[in-house]
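# I'll drop the sequence and a predicted model, then ask my questions.
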Amino acid sequence: DAGVIQSPRHEVTEMGQEVTLRCKPISGHNSLFWYRQTMMRGLELLIYFNNNVPIDDSGMPEDRFSAKMPNASFSTLKIQPSEPRDSAVYFCASSWEVTDTQYFGPGTRLTVL
Amino acid sequence: QQQVKQSPQSLIVQKGGISIINCAYENTAFDYFPWYQQFPGKGPALLIAIRPDVSEKKEGRFTISFNKSAKQFSLHIMDSQPGDSATYFCAVLIKAAGNKLTFGGGTRVLVKP
């Protein structure tokens, strides 16, 4: 069975550019989570969806970040414009229900120059 | 606002030894205490989890101990193996607060052969 799929795996961009990260959750999972991991702040929840609806976006750092889930099999996290401090590994995770075990994707390593 | 404090930040243990990682939490209303294991370049993966009505849970060489009065829970890795070398994260979840997982800062474990 395919796990959570994220693309791209690595992204290098210049400050000011738009960045779009993509996630395909495990089929049948109803909840999807976006996390950011840095050395300084560890793993932080940015936003999560349940049945394609955003439930809690209190972790989104600022208006430059936005996330969408147009259907049950696809979600995007967009940063516009990107800044060097956005450099991190971004993980997508999914679960059957919100309180169930979360399965993480391999992550996207973002570097903003 | 840090709700989970994890220690130590790093740990070196000889093969066959015991690795012990501790987490302290502040809020008493947590519902679920999972531990995640993360290998370099990979996303975190659920290792073992415990609920507050249970004081201990063992799965193979991994044991979680939960001390509700001290607001602490710990992970013990018995007979540590080089393949256990990874970063371990404790986490807490409060269903009443939106079902969000809050992670500890992580412990990097190195098992020397």
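Good, I have the coordinates.
# contacts, neighbours, all on C-alpha from now
Noted.
# where exactly do the helices run in chain A?
In chain A, no segments count as helices under DSSP state H.
# residue in it nearest to chain B?
Going by CA to the nearest CA, chain B is nearest to residue A:106 of chain A, at 4.7 Å.
# give me phi/psi at residue 52?
Defaulting to chain A. Dihedral pair for residue A:52: phi 70, psi 0, per degrees, to the nearest 10.
# I'd like to know how far the residue of chain A closest to chain B sits from residue A:5.
According to CA to CA, to the nearest Å, residue A:106 and residue A:5 sit 7 Å apart.
# Run a quick neighbour tally on residue B:86.
Neighbours of residue B:86 under the rule other CA atoms under 10 Å in any protein chain shown: 18.
# That one and residue B:110 touch, don't they?
Yes - in this structure, residue B:86 is within contact of residue B:110 by CA atoms under 8 Å, at 6.9 Å.
# who in chain B is up against chain A?
B:41-46, B:95, B:98-106 (CA under 8 Å from any CA of the partner chain).
# still on that earlier bit, any common contacting residues for residue A:106 and residue A:5?
Residues touching both residue A:106 and residue A:5 (CA atoms under 8 Å, 6 or more residues apart in numbering or on different chains): none.
# What residues are bridge-paired with residue 111?
No chain in the question, so chain A it is. Assessed by DSSP bridges, residue A:111 has beta-bridge partners residue A:12.
# You answered for a different chain; I wanted chain B.
Going by DSSP bridges, residue B:111 forms beta bridges with residue B:13.
# what about residue B:111, how many residues close to it?
For residue B:111, the count of nearby residues is 20 (other CA under 10 Å).
# just how off-centre is stretch A:42-52 within its chain?
Offset of stretch A:42-52 from its chain centre (CA atoms, centre = their mean, to the nearest Å): 7 Å.
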